[in-house]
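**Student:** From the sequence below, what's the structure:
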Amino acid sequence: MARIKIKGVIIPNDYKWIYDWFEVDSTCPKDIEDQLEKANGEDLEIEINSGGGDVYSGSEIYTIIKAYSGKTIGKIMGLAASAASVIAMACGKLIISPTAQIMIHNVSSYASGDYRDLQHEATVLKNYNTSIANAYILKTGMTKDELLDLMDQESWFNAQQALEKKFVDEIMFDDNQKLVASSSNSQMIPLNVINKMRNEFKNKINTEIIKNPKNKENNVMNLEELKEKHPDLYDQIKKEGYAEGVKVENARIKEIEDLGVPGFEDLVNKAKFDTKENAETLAVNILKAQKKVGNDHLEATKKDAEELNGIEGSEAPEGNSKETDEKEGASLIAKFANKKREKGGTK
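**Tutor:** Predicted coordinates:
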């Protein structure tokens, strides 16, 4: 029986060399395609331990495995979360370690623009949630509404729960071993780091060719050849590209922290580590949240006033006026705009 492993972050094919460079576990569609070609229809064992990643790459891997001509047995070794949980559903038979977990949730992204852009992005995400749910429906037999509800909740299943809901077919070493909570989510390398790495790589190689015209063949060297023939250049590109990418990411985090808006820590943390929003998008989201809080407060105030109506000597509670809420919103926008001007940002 042939064996392949799906480990680390699920990524597009053209990101693979960068993850390999940093020696970060990752799996791309071409990894699986190449291994299935070598297996050539032989029965296949697929070991899975991944926190997920790129949804399109996950869908491609799911389809490749689903279309494989031989028998497939999936083994969830530690975690099959997000896109990796979709991939797991492609296996003809799926078993799970007693200490492993499955996690399913909604597809996420970040967007900027006016209300039409955001509404369009919301529609795209909802549609892709339905597409992802199809993989779970085919495996479990649950209804679409049941699955979408579980995805809305970001549902984590231990081995027994996964078996009960038919996400898996059996539990490995079924001897009543104690379940253990799974590890934290895998983090994708920020896109700006990947882009910086690409630019640094191209610039350094081009510079080397100009200095040494005889070495023009370096332009078509692969990563391993560069590492072998020019280790110093390899290390320099790696360090400079990563440092520049981290610098950009740290600047984004600092801009978010500089907004300094109390009471919205959940939105701030989500922007930092989940949706990877910039400070401008976060400011808009905070304004929306402030408006909702203000509306809720006004409704509560009206209700209190109605209850006190007619009671002699009582006074209705006062809430923030519309003008006050507007001033707070304008202050937040002005604060963000001033910081952008100080840093030479564009409109």
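
**Student:** need the helix or strand of this protein with the lowest average pLDDT.
**Tutor:** The weakest-scoring helix or strand in the chain, judged by mean pLDDT, DSSP states H and E, is helix 322-342 (a mean of 55).

**Student:** Next, count neighbours for the closest residue to Leu125 other than its chain neighbours.
**Tutor:** What sits nearest to Leu125 in space, not counting adjacent residues and going by Cβ to Cβ, 6 or more residues apart in numbering, is Val107, at 5.3 Å. C-betas here are computed from N, CA, C, even on glycine. Val107 has 18 neighbours, counted by other Cβ atoms under 10 Å.

**Student:** where's Val107 relative to Lys139, distance?
**Tutor:** Distance check for Val107 against Lys139: by Cβ to Cβ, to the nearest Å, it reads 18 Å.

**Student:** Check Ile253 too.
**Tutor:** Counting by Cβ to Cβ, the gap from Ile253 to Lys139 is 38 Å.

**Student:** In terms of neighbours, single out the busier of the two.
**Tutor:** Taking other Cβ under 10 Å, Ile253 and Lys139 do not tie; Lys139 has more neighbours (20 against 14).

**Student:** Skipping its backbone neighbours, what lies nearest that one in space?
**Tutor:** Met89 (4.4 Å).

**Student:** Quick one: residues contacting that neighbour.
**Tutor:** 62, 135-136, 138-139, 167 (Cβ atoms under 8 Å, 6 or more residues apart in numbering).

**Student:** Export these as TSV, with columns for secondary structure and distance to Asn49.
**Tutor:** Shown next, in TSV, are the contacts of Met89 (DSSP: H, G, I helix; E, B strand; the rest coil; distance: Cβ to Cβ, whole Å):
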residue	secondary structure	distance to Asn49
Tyr62	helix	17
Ala135	helix	19
Tyr136	helix	19
Leu138	helix	23
Lys139	helix	19
Phe167	coil	16
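
**Student:** Relative to Leu267, which of those is nearest.
**Tutor:** The closest of those to Leu267 turns out to be Tyr136 (Cβ to Cβ; 28.9 Å).

**Student:** Next one, pLDDT for the closest one please.
**Tutor:** On the pLDDT scale, Tyr136 is placed at 96.

**Student:** ok, back up a step: farthest-separated two in the contacts of Met89?
**Tutor:** Longest span within the contacts of Met89, Cβ to Cβ: Tyr62 and Phe167, 14.1 Å.
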